[in-house]
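Enquirer: quick one, fold the following:
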Amino acid sequence: MSTIDIPLPDSLTSALKQPVCLDLSLPKPEMPTLTLPTGAVLKGIADFSRGIPTECSMNFSLALMIAPIMASMQCLLDILKFLKSIIDAAKPPPNPVDVVNAFAKGITALEHCLGLVTPAGICPFVKSLLLLITRMLHCVLDALESAVEALDRLELSIATALKEGNTDEYAALQCAMQNAETAAAGALTSIEPVAALLQIAEPFLSIANVKIDPLPDVSGSSGVAGLRLAVETLTPIVATIERIAGALPC
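Expert: Modelled structure (predicted):
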C-alpha cells in the first residue's frame, strides 16, 4: 500500500513541535522582606505546599505575618510611652510631683504586660511557637525527601535515554530535572524565615529558660547528594526542638 505525504501548514507544524525547556522552565521569585520598627527583618514564607512559590504568594504571606506582629507590639509601645512620659517629666526644671504621677500612671498601664516576663507566663507561647516551627520544618523535610526521590529517578532515566540516543526524551528529562531542582530550592528557601523566626524569638525563649541553637545554613544544597545531606542534617535538629517543646511544663 502506497503512502501519501500530506503537507501541513507551518502554524500546525510549529504547534506540534516538542517544546524546549525554556518554555517549561519554572520562575525563580525574589524573596520579599519587611523591616520591623525594632530593626529586625521579616522575610516572606515560600509556601511550597501550595505549589511553586511566586512573588505574589510570598508577599501575601508577609502581610499575614505582620498583622499579628503589630498586635503583639502593644506592650512594647506601652513601655516606650511610659519611658517617654518619665523622661519628659524629668526634663529641667524637673517637677517631682509630675515625675511621681507619670511613674504611677505608667505602672498602672503596664500591669497587663508583667506576666510576659515570667517563665510561667511565657511558657504556653514558647511551646506553641516551637511546635509550629517543628511542623514547618517537617514540611520542608518531606519536600526535600520527595525531591531526592524524584532526582534519583530522573538521573536513572536520563542515563538510559542518553545511552539509547533518545534525544527528545533526554531533553524532556533534563527539563524535568531542572524543575525538580527548582522545587527543591524553593523548599530550602522556606527554611530562611524559620531560622529568622527562631532568632527573633530568642528573648522569649530565654525567659522560658529554653536554648535553641541557630539552624544550620543548608541553602546552598543541590543535587541528590547535597539534598540528602541537608535532610540528614535537619532531621535530628527537628527531633531536638520537638523534645524541648514536649518537656516544657505548660
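Enquirer: next secondary structure after the lengthiest helix in the chain?
Expert: Here the longest helix in the chain is taken by residue count, with DSSP state H as the criterion, and it is helix 119-164. Elements were assigned by DSSP states H and E; along the chain past helix 119-164, the next helix or strand is helix 167-189.
Enquirer: picking that back up, now the longest helix of the chain, how far from the chain's geometric center?
Expert: For helix 119-164, the distance between its averaged C-alpha position and the chain's averaged C-alpha position is 12 Å (Cα atoms, centre = their mean, to the nearest Å).
Enquirer: low-confidence ranges, this structure, go.
Expert: Low-confidence segments of the chain, defined by pLDDT under 70, are located at 1-29, 37-38, 45-55, 60, 63, 67, 94, 106, 109-112, 114-116.
Enquirer: strands along that one, start to end?
Expert: Secondary structure of the chain, counting by DSSP state E: strands at 33-35, 41-43.
Enquirer: helix 167-189 and the longest helix of the chain, what's the angle between them?
Expert: The directions of helix 119-164 and helix 167-189 differ by 170 degrees, with axes from the mean of the first three to the mean of the last three Cα atoms, to 10 degrees as the criterion.
Enquirer: what packs against helix 119-164?
Expert: Judged by 3 or more Cβ pairs under 8 Å, 6 or more residues apart in numbering; DSSP states H and E, the packing partners of helix 119-164 are helix 167-189, helix 191-200, helix 202-207, helix 223-247. All C-beta spots, glycine's among them, are computed from the backbone N, C-alpha and C.
Enquirer: quick one, phi/psi of residue 40?
Expert: Dihedral angles of residue 40 (phi, psi; degrees, to the nearest 10) stand at phi -70, psi 150.
Enquirer: what sits against the residue lying closest to residue 98 once chain neighbours are set aside?
Expert: Here the nearest residue to residue 98 in space, its sequence neighbours aside, is residue 89; by Cβ to Cβ, 6 or more residues apart in numbering that works out to 4.3 Å. For residue 89, the contact set (Cβ atoms under 8 Å, 6 or more residues apart in numbering) comprises 95, 98, 99, 101, 102.
Enquirer: most neighbours among those, which one?
Expert: Highest neighbour count within the contacts of residue 89, by other Cβ atoms under 10 Å: residue 102, with 20 neighbours.
Enquirer: pretty sure that residue contacts residue 87?
Expert: No - here residue 102 lies out of contact with residue 87, judged by Cβ atoms under 8 Å, at a distance of 9.1 Å.
Enquirer: mind putting the contacts of residue 89 into CSV with distance to residue 189?
Expert: Putting the contacts of residue 89 into CSV (distance: Cβ to Cβ, whole Å) gives the following:
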residue, distance to residue 189
95, 56
98, 53
99, 51
101, 52
102, 48
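Enquirer: looking at those, which is nearest residue 83?
Expert: In terms of Cβ to Cβ, no member of those lies closer to residue 83 than residue 102, at 10.0 Å.
Enquirer: could you measure from that closest one over to residue 80?
Expert: 14 Å (Cβ to Cβ, to the nearest Å).
Enquirer: over to residue 183?
Expert: Per Cβ to Cβ, residue 183 is found 44 Å from residue 80.
Enquirer: and what of residue 212?
Expert: 28 Å.
Enquirer: now for the spatially closest residue to residue 250 that is not a sequence neighbour: which residues touch it?
Expert: Excluding the flanking residues, the one nearest residue 250 by Cβ to Cβ, 6+ apart is residue 123, at 3.7 Å. By Cβ under 8 Å, 6+ apart, the contact set of residue 123 is 208, 248, 249, 250.
Enquirer: now, the contacts of residue 89 that are in helices?
Expert: Those of the contacts of residue 89 lying in helices (DSSP H): 98, 99, 101, 102.
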